[in-house]
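Enquirer: just a sequence and a predicted model for now, questions to come.
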Amino acid sequence: MEDNRYIRFDWAAKRMLRDKANFAVFEGLITVLIGEEMKIVEILESEANQTAEDDKFNRVDIKARTANGEIVLVEIQQTRELYFLQRLLYGVAKTITEHVHLGDKYDQVRKVYSISILYFDLGKGADYLYHGQTQLVGVHTHDTLQINTRERDQIKMVTPESIFPEYYVIRVNEFNDVATTPLEEWLEYLKTGYIRSDTTTPGLQEARQRLLVMQMSPEERRAYERHMDNVMVQNDVLETKEIEGREQGREEGRAEGRAEGRAEGRAEGRAEGRAEGRAEGRAEGRAEGRVEGRAEGRAEGRNDEKLDTARKMKAKGYATEDIAEITGLSVDEIDRL
């Protein structure tokens, strides 16, 4: 029902969850993931804390400090990134160094939790949630190393995983299960925007109260609906490009196969006789002609898809230059639409 629609988490993270009154939603997600109650005391500055309209497809970052002094990074990304792992590591390393001042002792280094919520295909993997942390394990004994450290003027033993960063990667589009656990309920909300009315999951109870679309002001609701339209158009453009890329790859593969086949055929034809070679050449020529005709037809079909995408983007108010960059059409072609 219209009245029961909830605001998408990426929009809420950018516009609403930075408000202290809404910390409970954010805390609930972290609590469910990490398995222990987390309390956020402040939202910290982050390089992707942007709110301009033209950043609607950028990643959304929330960087927060917990009551224990630990730092939580939450990133929400809509589009693919080739160097995802490298940037993930860089972001955590930068966060650690940003919060240790020159001259500080190393006891000021804080544990960082990195949570990535991804709405794109990251790579190969069957699960929707991946978790990684660093342990130092004996190569021969298989025991976990514990290290002496000072805390509150006492020497105590700690393990590396209690200090080193932890990484959580949530592949939203891979979740297709029936939600029966708190984590699955969160995945269901992240993917579909649905929150069950009887939920007791941390964070989702608060989300039901604070993230209803109907509670937004008319201006906020218009901005939110524009954002959703833009996400749909962007996804359509990306899907079109992916289809075209796959088709181009298949066509290149067929062309290479034909070239290899012709070379082999000519060698065999010379060995067997020029007469047989001429017959084979005519047959290959006819086959190539039919293939090229089909390829041209598919190319025209892809151009029609580009024109259709450009019309949609033009109707949404995109600039001609942006449409040309995304679709590959010329400015003159777009102006004639």
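Expert: Great, that's in hand. Numbers count the residues shown, from 1 in each chain.

Enquirer: okay, stretch 118-128 in CSV with CA atoms only?
Expert: Extracted in CSV, the C-alpha atoms of stretch 118-128 (Å, rounded to 0.1, in the frame of the first residue of the first chain):
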residue,chain,number,x,y,z
LEU,A,118,26.3,-3.1,-2.6
TYR,A,119,23.5,-3.0,-5.2
PHE,A,120,25.7,-4.4,-8.1
ASP,A,121,27.3,-7.6,-9.0
LEU,A,122,30.7,-7.5,-7.3
GLY,A,123,32.1,-10.7,-8.7
LYS,A,124,31.8,-14.5,-8.1
GLY,A,125,30.2,-15.7,-4.9
ALA,A,126,27.0,-17.5,-3.8
ASP,A,127,26.3,-15.7,-0.5
TYR,A,128,24.7,-12.3,0.1
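
Enquirer: buried residues of that stretch, list them for me.
Expert: For stretch 118-128, burial by neighbour count (16 or more other Cβ atoms under 10 Å) applies to 118-119, 122, 128. Yep, even glycine has a C-beta here, placed from its N, CA and C like the rest.

Enquirer: need those residues in JSON lines with pLDDT, secondary structure and distance to I323, can you?
Expert: Shown next, in JSON lines, are those (pLDDT from 0 to 100; DSSP: H, G, I helix; E, B strand; the rest coil; distance: Cβ to Cβ, whole Å):
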{"residue": "L118", "pLDDT": "92", "secondary structure": "strand", "distance to I323": "27"}
{"residue": "Y119", "pLDDT": "86", "secondary structure": "coil", "distance to I323": "23"}
{"residue": "L122", "pLDDT": "83", "secondary structure": "coil", "distance to I323": "28"}
{"residue": "Y128", "pLDDT": "95", "secondary structure": "coil", "distance to I323": "34"}
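
Enquirer: quick one: contacts for the most centrally placed residue in the chain?
Expert: A centroid search over the chain (Cα atoms, centre = their mean) returns L118, at 3.2 Å, as the residue closest to the centre. Contact analysis of L118 by Cβ atoms under 8 Å, 6 or more residues apart in numbering lists 77, 169-173.

Enquirer: again, 7 Å this time
Expert: 77, 169-172 (Cβ atoms under 7 Å, 6 or more residues apart in numbering).

Enquirer: which residues of this structure fall in strands?
Expert: 40-44, 60-66, 71-77, 112-118, 129-133, 147-151, 154-158, 166-171 (DSSP state E).

Enquirer: sorry, back to before: can you tell me which of the contacts of L118 is nearest V109?
Expert: V109 lies nearest to V169 out of those, by Cβ to Cβ, at 23.2 Å.

Enquirer: not counting sequence-adjacent ones, nearest residue to the closest one?
Expert: Closest residue to V169 apart from its sequence neighbours, by Cβ to Cβ, 6 or more residues apart in numbering: Y130 at 4.4 Å.

Enquirer: give me the pLDDT value at the one you found.
Expert: pLDDT, Y130: 96.

Enquirer: thought it was touching E166?
Expert: No: the pair Y130 / E166 is not scored as a contact, 11.4 Å apart, by Cβ atoms under 7 Å.

Enquirer: between these two, tell me which one has more neighbours.
Expert: Neighbour count, other Cβ atoms under 10 Å: between Y130 and E166, E166 has more, with 20 against 13.

Enquirer: residues in contact with that one?
Expert: Shown in contact with E166 (Cβ under 7 Å, 6+ apart): 113, 133.

Enquirer: bridged to it, which residues?
Expert: Following DSSP bridges, E166 is listed with bridge partners Y113, Q133.

Enquirer: would you mind measuring from it to E36?
Expert: Distance of E166 to E36, computed by Cβ to Cβ, to the nearest Å: 12 Å.

Enquirer: thought P160 was touching T134, still the case?
Expert: Yes: between T134 and P160 a contact is recorded at 5.4 Å, counting by Cβ under 7 Å.

Enquirer: tell me which of the two has more neighbours.
Expert: Neighbours of T134 and P160, each counted by other Cβ under 10 Å, are more numerous for P160; the result is 15 against 12.

Enquirer: quick revisit: redo the buried residues of stretch 118-128 as CSV? Include distance to E70.
Expert: Shown next, in CSV, are those (distance: Cβ to Cβ, whole Å):
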residue, distance to E70
L118, 23
Y119, 26
L122, 25
Y128, 25
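
Enquirer: which two in those residues are spaced the farthest apart?
Expert: By the measure Cβ to Cβ, Y119 and Y128 form the most distant pair in the buried residues of stretch 118-128, at 11.8 Å.

Enquirer: now A179, what are its backbone angles?
Expert: The phi/psi pair for A179 (degrees, to the nearest 10) reads phi -70, psi 110.

Enquirer: what is the burial count for it?
Expert: Neighbour tally, A179, other Cβ under 10 Å: 20.

Enquirer: swap in E268?
Expert: E268, neighbours per other Cβ under 10 Å, totals 12.

Enquirer: per-residue pLDDT, I243?
Expert: Reading off the model, I243 has pLDDT 61.
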